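> Structure, please.
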Amino acid sequence: MKRVGFLALGLSLTVSGFAQDLIRNPAKPLAPEPGRVLKLETVYEIRDDSGAFFFKYPFRFDLDPKGCFYVLDQDQLLKFGSDGKFLLNLYKKGQGPGEIGSNFQMVSFFAQDDSITVYDGRGKIMRLDGTGRLVEEIRQSAGRFFILLGPAGKGFYMHGQTPVGIGQGVGFKDVESAVHLVSPDGGTAERIIAFTSRVYEGSNFGMDWDNYLQVLNRRDGSLYVSHTCEYKVVRADLALRKAVAAFTRDYRRVPFVVKDYEKDFYARNNPPKKDFENDIAGLFICGENVWVKTSTINEDKGAFFDVFDPQGRFLDGFFLPKGLTLALADGPFVYVMEKEEDESIVFKKCRMLNGPKS
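Here you go, the predicted model:
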């Protein structure tokens with residue numbers, strides 16, 4: 001089980017020495033039609049039935065300024081044109097220049113203009129051009145980082161975790177999740193901001209307690225973070241190196257249910273059980289706003305999303321139609337994943353006909 005942390009919801013937030021009041025929103029947003037189901041018009045579909053690529057475990061996504069869509073999957077970094085047509089696989093497996101020797105689940109990336117920057121999770125940062133040609137390769141030596149978040153001038157924002165007290169007995173332990181500014185040559189790293197949470201360590205296991213979720217708005221350098229079981233989002237300004245907003249809303253919590261795939265783990269280890277699911281299940285950027293995927297799921301309507309502006313005001317809320325998983329949001333469009341009856345995966349770019357109100 002992946003290790004992340006727990007921190008109780010309070011009246012204020014302290015992150016890396018900065019105190020920030022918590023903005024409390026009511027249960028209903030400012031928009032007049034919360035709770036509607038998004039009406040989507042398909043622009044294009046991407047299927048893997050050509051045999052040129054496959055969808056198996058897609059889990060990271062991005063768009064470049066030209067509208068090309070990128071999907072990270074098992075040993076694949078797939079690039080699709082603005083029309084949804086497959087262009088190439090940027091993933092080269094191996095130990096040589098421009099190649100990835102680590103497990104694909106350790107890989108992170110971002111797309112910019114005519115280049116793609118890829119991090120292998122073990123210290124190698126590669127910049128590729130739009131055709132997949134290696135332009136530059138850096139051996140990052142400034143620290144151990146798990147995720148490449150995005151560009152920072154000529155350098156990089158990178159994220160890592162430092163467990164405190166792990167291996168020192170059963171119970172809850174602190175974990176610090178920190179964002180660093182890494183120099184262009186990968187030789188130095190400056191700690192920007194950190195969020196402290198807790199994990200639970202058993203006699204022979206470690207387990208999730210609440211998700212550590214984050215998303216970077218590359219347009220303005222805002223990092224949105226959820227690091228508690230309860231409903232709370234923090235916005236950090238990475239240029240200012242501090243948290244500038246923390247917000248929540250009145251939320252009806254969803255009772256915790258052990259999932260089928262977790263039953264064996266709970267039976268064998270008897271870990272503590274939560275009373276409620278993590279309130280927040282995902283964070284997404286759309287323009288200036290952040291979309292919060294909540295733990296609320298309606299069997300007929302789908303998963304519920306909230307929309308907040310950078311100041312923490314609760315603007316709108318909607319259901320993503322049942323059976324769809326959000327990959328990205330971009331202006332009036334969403335990129336969604338759908339599993340068909342035969343378990344094959346289809347990606348769709350869709351126009352929102354009744355999308356969130358600003």
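> CA atoms for contacts and neighbours, from now on please.
Will do.
> ok, now how distant is residue 49 from residue 185?
41 Å (C-alpha to C-alpha, to the nearest Å).
> Same drill for those two, tell me which one is more crowded.
Counted by other C-alpha atoms under 10 Å, residue 49 and residue 185 do not tie: residue 185 has more neighbours, with 16 against 12.
> In terms of helices and strands, where is that one?
In the assignment (DSSP states H and E), residue 185 maps to no helix and no strand.
> now the one 10 residues further on
Residue 195 is part of strand 189-201, with elements assigned from DSSP H and E.
> again with residue 157
strand 155-164.
> For that strand, list the C-alpha coordinates in PDB.
Extracted in PDB, the C-alpha atoms of strand 155-164 (Å, rounded to 0.1, in the frame of the first residue of the first chain):
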ATOM      1  CA  GLY A 155      15.000  24.900 -14.000                       C
ATOM      2  CA  PHE A 156      12.400  22.500 -12.700                       C
ATOM      3  CA  TYR A 157      10.000  22.100  -9.900                       C
ATOM      4  CA  MET A 158      10.300  18.600  -8.400                       C
ATOM      5  CA  HIS A 159       8.600  16.800  -5.500                       C
ATOM      6  CA  GLY A 160       9.800  14.300  -3.000                       C
ATOM      7  CA  GLN A 161       8.800  12.800   0.300                       C
ATOM      8  CA  THR A 162      10.800  12.300   3.500                       C
ATOM      9  CA  PRO A 163       9.400   9.800   6.000                       C
ATOM     10  CA  VAL A 164      10.100  10.600   9.700                       C
END
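> Just checking: what are the partner strands of it?
strand 147-152 (antiparallel), strand 171-182 (antiparallel) (DSSP bridges).
> hey, least reliable of those strands by pLDDT?
Note on these: strand 171-182 shows the lowest mean pLDDT, a mean of 92.
> Could you export that strand as CSV, CA atoms only?
Extracted as CSV, the C-alpha positions of strand 171-182 are listed here (Å, rounded to 0.1, in the frame of the first residue of the first chain):
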residue,chain,number,x,y,z
GLY,A,171,1.6,3.7,14.7
PHE,A,172,1.1,6.9,12.8
LYS,A,173,4.3,8.6,11.5
ASP,A,174,5.0,12.0,10.0
VAL,A,175,5.8,12.4,6.3
GLU,A,176,7.0,15.6,4.8
SER,A,177,6.1,16.2,1.1
ALA,A,178,8.3,19.0,-0.2
VAL,A,179,8.6,20.9,-3.5
HIS,A,180,12.1,21.9,-4.6
LEU,A,181,13.4,24.3,-7.3
VAL,A,182,16.1,22.3,-9.1
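> quick one: it to strand 189-201, angle?
160 degrees (axes from the mean of the first three to the mean of the last three C-alpha atoms, to 10 degrees).
> Next, the residues that contact strand 171-182 from outside, please.
Residues outside strand 171-182 that contact it (C-alpha atoms under 8 Å, 6 or more residues apart in numbering): 4-5, 142, 152, 155-166, 188-202.
> returning to what we had before: name every strand pairing with the strand holding residue 195 and say which way it goes.
Assessed with DSSP bridges, strand 189-201 is paired to strand 171-182 (antiparallel), strand 206-207 (antiparallel).
> How far does that strand sit from its chain's centre?
In terms of C-alpha atoms, centre = their mean, to the nearest Å, the centre of strand 189-201 is found 16 Å from the chain centre.
> now do stretch 68-87
Put simply, stretch 68-87 sits 18 Å off its chain's centre (C-alpha atoms, centre = their mean).
> What residues sit buried inside the strand holding residue 157?
156, 157, 158, 159, 160, 161, 163 (16 or more other C-alpha atoms under 10 Å).
> Mind putting these into CSV with distance to residue 314 and pLDDT?
Converted to CSV, these look like this (distance: C-alpha to C-alpha, whole Å; pLDDT from 0 to 100):
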residue, distance to residue 314, pLDDT
156, 31, 96
157, 28, 97
158, 29, 97
159, 28, 96
160, 30, 91
161, 30, 80
163, 34, 66
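> Farthest pair within these?
156 and 163 (22.8 Å; C-alpha to C-alpha).
> any idea of the pLDDT on residue 232?
97.
> how near is it to residue 210?
Relative to residue 210, and taking C-alpha to C-alpha, residue 232 is found at 12 Å.
> Which of the two has more residues huddled nearby?
Set side by side, residue 232 and residue 210 show more neighbours around residue 210, with 25 against 22, by other C-alpha under 10 Å.
> Test my guess that that one contacts residue 280.
No. Using C-alpha atoms under 8 Å, residue 210 makes no contact with residue 280, being 9.1 Å away.
> Please name the nearest non-neighbouring residue to residue 296.
The shortest distance from residue 296 to any non-neighbouring residue, by C-alpha to C-alpha, 6 or more residues apart in numbering, is to residue 304 (5.6 Å).
> can you tell me which residues contact the one you found?
35, 293, 294, 295, 296, 297, 298, 317, 318, 319, 320.
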